[in-house]
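return a 3D structure for these sequence lines:
(one chain, ligands or ions: 1)
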Amino acid sequence: MPSGRHFLQIPGPTNVPDRVLRAIDRPTIDHRGPEFQKLGQEVLAGIKEIFQTRQPVIIYPASGTGAWEAALVNTLSPGDRVLMSETGHFASLWQQMAGRLGLEVELIPGDWRHGADPQEIEARLAGDRSHAIKAVCVVHNETSTGVTSRIPEIRRAIDRTGHPALFLVDTISSLGSIDYRHDEWGVDVTVSGSQKGLMLPPGLSFNAVSEKALSASRTARLPRSFWNWEEMLAANATGFFPYTPATNLLYGLKEAIAMLLEEGLPAVFARHERHAEATRRAVRGWGLEILCADPREYSAALTTVMMPEGHDADALRKAILENFDMSLGAGLTRLKGRVFRIGHLGHFNDLMLCGTLSGVEMGLRLAGVPHQAGGVQAALDHLAGSAPADEPDQRQRRTA
Ligand SMILES: Cc1ncc(COP(=O)(O)O)c(C=O)c1O
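Below you'll find the predicted structure:
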């Protein structure tokens, strides 16, 4: 066993803060008793602040994939058409699920270097005069590519057409890391998960639900039982769940919400943007290419780095794991071996980023990957030149 802490720099699951671990490490209580009721009411209210919504947020004891399914089966009927954008591996998995559930997917093809295209979505909806399309599904932050789709622009594009389709957004790797506003951006179902920006272990997932989505759920005919919103919302009204909740993860969720709100969501988002910018400067310093092709869509949660032709990203990741005990994200499906992903989301600070980037730079050298030295220095220059203590929020926090 190597000594010191493992560096878990995949783009989720992320490092779980000690405060959250301590919160989870308590006896499980009766989930039908008064102590649980208080916990249930607190987390159900608190999580709304993270989604920036006043509408209900449903919490499932499931990974993010479950919440994807819940979003579809609660709002749609067999044979309904859904419009999806092929932005990467996770968008493709959601598309595959929709097909398996008996939905008809209209796919906007993509090159995995761009986000969902608002203009193309607008054109498809404008051409759908009979309103056959019942939902537009977009992955906000495509974890396989490090590309963040522009949700407010997509909302405006939908609105320009006057099309009544629901808007379903996956925020599994953006919530709690990248600015996201369920209400203001007019999203009908926001899907998310616990193991990334929320700094929790895997095992919880979420649906934030608009009035319009709730009303669609009353006539939707896809079969659903475990995922049924109606029973959840009825039980949640008094702080309870219709089946056994993941009680200890809810203890952790309460703590994670408190941590995010203590720091303040704007400061959390600014921290992620600053670390992402430092990471990109490091990548450019190494003379390597960032997969995301449009700077407006750079992800603040992770950076995907392209390997020079003829060099294998998995060999590099292996060298880094064996020599420096750091896990980096692999290239998925079509990107296997061609890219590696640096996660810089969740419970993360300047020196953790410096350690991460140093591990990458040393790994590039060890694995014989052609690059220039000086990437880490470029990141250090950025971090030192934009210290977090300069932010008023952070100053207040330090002196409080
Ligand atoms: C954007 C996105 N969507 C969906 C998923 C699937 O979630 P899970 O693996 O928690 O089921 C992931 C997992 O990493 C993801 O990053």
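
phi, psi of the nearest residue to Ile178 once chain neighbours are set aside?
Closest residue to Ile178 apart from its sequence neighbours, by C-beta to C-beta, 6 or more residues apart in numbering: Ala300 at 5.0 Å. Just so you know, the C-beta spots here come from the backbone N, C-alpha and C atoms, and that holds for glycine as well. Note on Ala300: its backbone torsions stand at phi -90, psi -10 [degrees, to the nearest 10].

which residues of this protein fall in helices?
For the chain, the helices defined by DSSP state H cover 18-24, 34-51, 64-75, 89-100, 118-127, 151-161, 211-217, 229-236, 247-263, 265-285, 313-324, 350-366, 375-385, 392-399.

buried deepest among those, which one?
Mean neighbour count (mean count of other C-beta atoms under 10 Å) peaks for helix 64-75 among these, with a mean of 24.

for that helix, packing partners?
If contacts are counted by 3 or more C-beta pairs under 8 Å, 6 or more residues apart in numbering; DSSP states H and E, helix 64-75 sits against strand 57-60, helix 89-100, strand 133-139, strand 166-170, strand 189-193, strand 205-209, helix 211-217.

next, format those as a markdown table and append distance to Ile24.
Converted to a markdown table, these look like this (distance: least, C-beta to C-beta, whole Å):
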| stretch | distance to Ile24 |
| --- | --- |
| strand 57-60 | 15 |
| helix 89-100 | 26 |
| strand 133-139 | 28 |
| strand 166-170 | 25 |
| strand 189-193 | 16 |
| strand 205-209 | 17 |
| helix 211-217 | 31 |
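
dump these to CSV, plus mean pLDDT and distance to Met259.
Formatted as CSV, the helices and strands packed on helix 64-75 follow (pLDDT from 0 to 100; distance: least, C-beta to C-beta, whole Å):
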stretch, mean pLDDT, distance to Met259
strand 57-60, 98, 18
helix 89-100, 98, 26
strand 133-139, 99, 26
strand 166-170, 99, 23
strand 189-193, 99, 17
strand 205-209, 99, 17
helix 211-217, 98, 29
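
tell me which of those sits nearest to the ligand.
helix 89-100 (3.8 Å; C-beta to the nearest ligand atom).

before we move on, the earlier item: switch the helices and strands packed on helix 64-75 over to CSV; also include distance to the ligand.
Output for the helices and strands packed on helix 64-75, formatted as CSV (distance: least, C-beta to the nearest ligand atom, whole Å):
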stretch, distance to the ligand
strand 57-60, 11
helix 89-100, 4
strand 133-139, 5
strand 166-170, 5
strand 189-193, 5
strand 205-209, 7
helix 211-217, 19
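
tell me which of the ones you listed sits nearest to Leu357.
Among those, the nearest to Leu357 by C-beta to C-beta is helix 89-100 (24.4 Å).

give me the neighbour count for the residue of the stretch 151-300 of the chain found nearest the ligand.
Residue nearest to the ligand within the stretch 151-300 of the chain (C-beta to the nearest ligand atom): Ile172, separated by 3.7 Å. By other C-beta atoms under 10 Å, 27 other residues sit near Ile172.

I'd say Phe90 and Asp170 touch.
Yes. Using C-beta atoms under 8 Å, Phe90 is in contact with Asp170, at 6.9 Å.

which residues do those two both contact?
Common neighbours of Phe90 and Asp170, using C-beta atoms under 8 Å, 6 or more residues apart in numbering, are Val139.

could you chop this structure up by domain?
7-13+264-399, 18-261 (automatic domain parsing).

now the end-to-end length of the longest one.
I take that to be domain 18-261. 17 Å (C-alpha to C-alpha, to the nearest Å).

coming back round to it: go through the domains of the chain and find the least confident stretch.
Among the domains of the chain, domain 7-13+264-399 carries the lowest mean pLDDT, a mean of 94.

distance from it to the middle of the chain?
17 Å (C-alpha atoms, centre = their mean, to the nearest Å).

same question for stretch 88-107.
With C-alpha atoms, centre = their mean, you get 18 Å for stretch 88-107.

who touches Leu21 in this structure?
Taking C-beta under 8 Å, 6+ apart as the test, what Leu21 contacts is Gly252.
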